[in-house]
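Enquirer: attaching a predicted model along with its sequence, questions to come.
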Amino acid sequence: MLLLAAALLSGAGLPPGQVINRVEAAAAPSHTYALYLPSGYTQDRAWPVMYCFDPRARGRVPVELFAAEAEKYGYILAGSNNSRNGAFRDSVAAIQAMWNDTHARFNIDEHRVYAAGFSGGARVATWMAQNVNGVTGVLVSGGGFMSRPETVPFALFGCAGTDDFNWPELKEIDTVLDRLGTPHRVVVFEGGHSWPPAAIAARAFEWFELHAMRSGLRSRDARLVAASLQARLAAIESAPPAEQWVELSAIAADFAGLEDVSGYERRASELRSSAAVKQFLKIEKREMARNRELSVELQQAMREPDDFAERQIAAGRLHGLVRRLRTQAEARGDSSDRRIARRVLGNVAIGLIENGREQVEDKRLDAAVRNLTLATEMQPQWASAWYELARAHALNRNPKRAMEALRKAVDGGFRDESAIGSEPAFKELRGAQGFSEILARVK
């Protein structure tokens, strides 16, 4: 046991400076995580660590995304290969296994422990920070808290794409954390429901470093502060007034205590009174309201009347509304209508998928097929929706439809070979013509 402990503490066999896909937790080998150690890692000093959670248990995805920043600032990265959307107890077990193993192997700075997550993984990350003592900060993308927080004892960097169905949630988190006085930053990037692009990831790590300086968790780095401030000011020189206001307000908060920010506060206040910023805030408020209205309208249209004739009429209205929203969502040019349509369809579709999964587990297969079919109508490009529909059809003894849905899942980018190969619902499909071809395409 002493030899094992010594080997773990040294991180033996785990080369620094490269992404390692799979590290087994010594005390819980069924739990694995992707790992990145900075190239200069030694046991002689304590290092910040960031625990990462992907909704599909793809630990390598965030670790690869953050590796450049982890190298730059000296972070250890650990991305769970077990935590995924579904039974939350599995994510809690993954947190414990990854925490125990990394703390046994590496010299971790207990004052600089971070968590990061996307979508359902974001909720795992914030849950961890609320329930594990000592988490300093959290990076979330496309998701937030399990429920509205009453206190937030950690710094939060949040982000969402312009078309993300959880964009309204991130905007609400921004408002709530403003009220609570919690150090935070929420930014929006061009795109949909995803991990942030590399540029936003870089900004998040830089923001955590500034927060650590302001909090006394690391010494002030004058060169980093000056370079960061200069780059951010340069980026908004020719930006529209609304963008300048947003960024100057953020700069004043982010650099308070590190630089004299009075001039940025004054410029932000002046811009806040401008017609351009007032119009920007008015449009944003209108988008939030329209988002809520359309979501309610779509949910109400999904209710099925008891009377057969009325049910047919209601179905026509529902599919007409979905077609209209799809047309808006697929428009070429960016617009408020397009963003809203994409968010609303995504939000309702994800609810249908979650309900469909539950209905499959409860053996309410006809209802599951209806919900998941509607989800694919709303989001035909979502491979996960087609995969869940394939499961429902297979269990409902409709192999032809199951194979069609599975092909569309693979066409849409579904690449989890082990999920398809080991899925109990597909037991009777494995001998069907075309199944081996689907597996080959996934490989």
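Expert: Done, it's in. Numbers count the residues shown, from 1 in each chain.

Enquirer: give the contact list for residue 78.
Expert: Each residue near residue 78 by CB atoms under 8 Å, 6 or more residues apart in numbering is listed here: 23, 33, 34, 35, 49, 50, 51, 52, 59, 63, 98, 102. Yep, even glycine has a C-beta here, placed from its N, CA and C like the rest.

Enquirer: and the first one, how far from residue 95?
Expert: Distance of residue 23 to residue 95, given as CB to CB, to the nearest Å: 15 Å.

Enquirer: I figured residue 221 hits residue 213, correct?
Expert: Yes - contact status for residue 221 versus residue 213: in contact at 6.9 Å, counting by CB atoms under 8 Å.

Enquirer: compare those two (neighbour count), which wins?
Expert: residue 213 (19 against 15; other CB atoms under 10 Å).

Enquirer: once you drop chain neighbours, what's closest to the more buried one?
Expert: Leaving aside its sequence neighbours, residue 213 sits nearest to residue 220 (CB to CB, 6 or more residues apart in numbering; 5.0 Å).

Enquirer: look at that neighbour and give its secondary structure.
Expert: Under DSSP: H, G, I helix; E, B strand; the rest coil, the three-state class of residue 220 is coil.

Enquirer: give the burial count for it, as a bare number.
Expert: Quick note: residue 220 (other CB under 10 Å) scores 13 neighbours.

Enquirer: distance check, it against residue 212.
Expert: 10 Å.

Enquirer: low pLDDT regions in this structure?
Expert: Low-confidence segments of the chain, defined by pLDDT under 70: 1-12.

Enquirer: which parts of it belong to which domain?
Expert: 2-219, 279-442 (automatic domain parsing).

Enquirer: please report how far the residue lying closest to residue 366 once chain neighbours are set aside lies from residue 389.
Expert: Closest residue to residue 366 apart from its sequence neighbours, by CB to CB, 6+ apart: residue 396 at 7.0 Å. Distance, residue 396 to residue 389, by CB to CB: 10 Å.

Enquirer: quick one: what helix or strand has residue 34 in it?
Expert: For residue 34, the host element (DSSP states H and E) is strand 28-36.

Enquirer: show me which residues of the next helix or strand after that strand are buried.
Expert: Next helix or strand after strand 28-36 toward the C-terminus (DSSP H and E): strand 47-53. For strand 47-53, a neighbour-count test (16 or more other CB atoms under 10 Å) marks 47, 48, 49, 50, 51, 52, 53 as buried.

Enquirer: the longest strand in the chain is where?
Expert: strand 108-118 (DSSP state E).

Enquirer: strand partners (parallel or antiparallel) of that one?
Expert: Applying DSSP bridges to the sheet, strand 108-118 is found paired with strand 47-53 (parallel), strand 135-141 (parallel).

Enquirer: buried residues in stretch 360-375?
Expert: Quick answer for stretch 360-375 (16+ other CB under 10 Å): 360, 364, 365, 368, 369, 370, 371, 372, 373, 374, 375.

Enquirer: over to the residue lying farthest from the centre of the chain. Which of the three states is it?
Expert: The centre of the chain is farthest from one residue, residue 309, which by CA atoms, centre = their mean lies 42.1 Å away. Secondary structure, three-state DSSP: residue 309 is helix.

Enquirer: report the contact partners of the residue sitting nearest the centre point of the chain.
Expert: Nearest to the mean C-alpha position of the chain, by CA atoms, centre = their mean, lies residue 118 at 1.6 Å. Residues near residue 118 by CB under 8 Å, 6+ apart: 53, 54, 55, 62, 140, 141, 142, 143, 194, 195.

Enquirer: farthest-separated two in those residues?
Expert: Within these, 53 and 194 form the most distant pair, 14.5 Å apart (CB to CB).

Enquirer: before we move on, back to that, the more surrounded of residue 396 and residue 389?
Expert: Applying other CB under 10 Å to residue 396 and residue 389 shows that residue 389 carries more neighbours, namely 28 against 17.

Enquirer: can you confirm that one is in a strand?
Expert: No - assessed with three-state DSSP, residue 389 is helix; it does not lie in a strand.

Enquirer: near the spatially closest residue to residue 315 that is not a sequence neighbour, how many other residues are there?
Expert: Spatial nearest neighbour of residue 315, chain neighbours left out: residue 304 (8.0 Å); criterion: CB to CB, 6+ apart. Using other CB under 10 Å, residue 304 has 11 other residues around it.

Enquirer: before we move on, back to that, need the overlap of contacts for residue 396 and residue 389.
Expert: Counting by CB under 8 Å, 6+ apart, the residues touching both residue 396 and residue 389 are residue 369.

Enquirer: distance of the residue nearest to residue 213 from residue 209?
Expert: 10 Å.

Enquirer: residue 430 too?
Expert: 51 Å.

Enquirer: ditto for residue 225
Expert: Here residue 225 is placed at a distance of 9 Å from residue 209 (CB to CB).
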